[in-house]
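> Return a 3D structure for these sequence lines:
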Amino acid sequence: MTDPASFRSQLVRSEVVAEGTMAFHFVKPEGFEFRPGQAIDVTLIDPPETDGEGNTRTFSIASAPFEGDLMVATRMRDTAFKRVLGKASAGLNVKIDGPSGSLVLRRRTDRPVVFLAGGIGITPFRSIIRQATKEKTAHQLWLFYSNRRPEDAPFLDLFVGCTKDNPRFHFIATMTQIEKSQRNWTGGTGFVTRSMLAQYLPAIQGPVYYLAGPPAMVAAMRHVLADAEVDEDDIRTEEFSGY
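Numbering: from 1, shown residues only. Next up is the predicted model:
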């Protein structure tokens, strides 16, 4: 495996995609190629402030390869890196290293693929599902997406749209604290459980599972799958801690 390459890039625009969550669109450098699900390191160049957490963060690429920009999304915490990036205007110069990571869609299409995402863990799956929908791949895809409230869930509407564009994509969203929401919600509630998986999947054993989200959520999903006797070799994981 070759080492990730370094590129210079600039911020194109930023936007709020959920409460406390922003997306940042960067110029895709010439020659930069990646597989959906991979990540990049973004480094601020001579930022006006810094702290002990440093000037570099690793982000999954949320945009798909066919899209024009490189987009990442992150929870906004009170750190120097997030403050600088959150306030930045278009044209901010950054260094990008990558791509890296192996949380990518298997090329074979003979087995169903199930994505289990919590919160900001959705970012690599946005890239994978968007590209699969664009390419009309033969993969049978299920996405179980857990958040506290709809207000906290980036890209909800996009995935609903993907179900209309991709008949092989199945989307199940669930909210664990819907009583705290100000929005109407007619979807699922509660945590992703074995019974919820059994309700929607043709079989719990057989698919390849991709897990991404806060460490506690990933651990809980591993327990659910282990309880259902899913083979450990059929589980891929990515944890998002402190983002």
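> Could you verify my assumption that residue 154 touches residue 73?
Yes. Using Cβ atoms under 8 Å, residue 154 is in contact with residue 73, at 5.7 Å. Using the backbone N, CA and C atoms, a C-beta is placed for each residue, glycine as well.
> mind listing the strands for this protein?
Counting by DSSP state E, the chain has strands at residues 5-18, 21-27, 39-44, 56-60, 69-75, 93-100, 113-118, 141-147, 169-175, 188-189, 208-213, 235-239.
> Comparing these, which stretch has the densest surroundings?
The highest average neighbour count among those, using mean count of other Cβ atoms under 10 Å, belongs to strand 113-118 at a mean of 26.
> For that one, give me every contacting residue.
105-106, 125, 128-129, 139-147, 192, 197, 201, 207-214, 217-218, 221 (Cβ atoms under 8 Å, 6 or more residues apart in numbering).
> Distance from the lowest-mean-pLDDT helix or strand in the chain to the middle of the chain?
When the helices and strands of the chain are scored by mean pLDDT, DSSP states H and E, strand 235-239 comes last with a mean of 89. Taking the mean of its C-alpha atoms, strand 235-239 sits 12 Å from the chain's own mean (Cα atoms, centre = their mean, to the nearest Å).
> Please apply the same query to stretch 18-32.
Per Cα atoms, centre = their mean, the centroid offset for stretch 18-32 relative to its chain is 13 Å.
> So what would you say the end-to-end distance of it is?
28 Å (Cα to Cα, to the nearest Å).
> Number the residues from 820 up from this point.
Okay, using 820 as the starting number, the last item reads as stretch 837-851.
> how about the residue nearest the centre of the chain, what does it touch?
The centroid of the chain falls nearest to residue 942 when counting by Cα atoms, centre = their mean (1.6 Å). Residue 942 makes contact with 878-881, 891-892, 973, 1031 under the criterion Cβ under 8 Å, 6+ apart.
> again, but for residue 1007
991-994, 1015.
> and if you look at residue 981?
Residue 981 touches 948-949, 952, 988, 990, counting by Cβ under 8 Å, 6+ apart.
> And residue 946, by the same measure?
855-856, 879-884.
> and of these, the nearest to residue 825?
residue 880 (15.8 Å; Cβ to Cβ).
> Next, count neighbours for that closest one.
By other Cβ atoms under 10 Å, the residues close to residue 880 number 29.
> Ok, residue 975 next?
Using other Cβ under 10 Å: residue 975 sits among 19 other residues.
> Looks like it contacts residue 990 (just checking).
No. Using Cβ under 8 Å, residue 975 is not in contact with residue 990; the gap is 9.1 Å.
> Give me the common contacts of those two.
residue 964.
> who's the closest residue to residue 978 other than its chain neighbours bridged to?
Residue nearest to residue 978 in three dimensions, not counting chain neighbours: residue 990, with 4.8 Å by Cβ to Cβ, 6 or more residues apart in numbering. Here residue 990 sits in beta bridges with residue 962, as judged by DSSP bridges.
> what are the C-alpha coordinates of stretch 997-1016, in PDB please?
The C-alpha trace of stretch 997-1016 is given here as PDB (Å, rounded to 0.1, in the frame of the first residue of the first chain):
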ATOM      1  CA  ILE A 997     -37.800  11.600  19.800                       C
ATOM      2  CA  GLU A 998     -39.600  13.000  22.900                       C
ATOM      3  CA  LYS A 999     -37.100  15.900  22.800                       C
ATOM      4  CA  SER A1000     -37.700  16.800  19.200                       C
ATOM      5  CA  GLN A1001     -39.700  19.700  17.900                       C
ATOM      6  CA  ARG A1002     -40.300  18.000  14.600                       C
ATOM      7  CA  ASN A1003     -43.000  15.600  13.500                       C
ATOM      8  CA  TRP A1004     -41.500  12.100  13.000                       C
ATOM      9  CA  THR A1005     -43.200   9.100  11.600                       C
ATOM     10  CA  GLY A1006     -40.200   6.800  11.300                       C
ATOM     11  CA  GLY A1007     -38.700   4.400  13.800                       C
ATOM     12  CA  THR A1008     -37.900   5.000  17.400                       C
ATOM     13  CA  GLY A1009     -35.500   3.400  19.900                       C
ATOM     14  CA  PHE A1010     -32.100   1.900  19.400                       C
ATOM     15  CA  VAL A1011     -31.100  -0.500  16.700                       C
ATOM     16  CA  THR A1012     -31.800  -4.000  18.100                       C
ATOM     17  CA  ARG A1013     -31.700  -7.500  16.900                       C
ATOM     18  CA  SER A1014     -35.400  -7.500  16.500                       C
ATOM     19  CA  MET A1015     -35.200  -4.300  14.400                       C
ATOM     20  CA  LEU A1016     -32.700  -5.900  12.100                       C
END
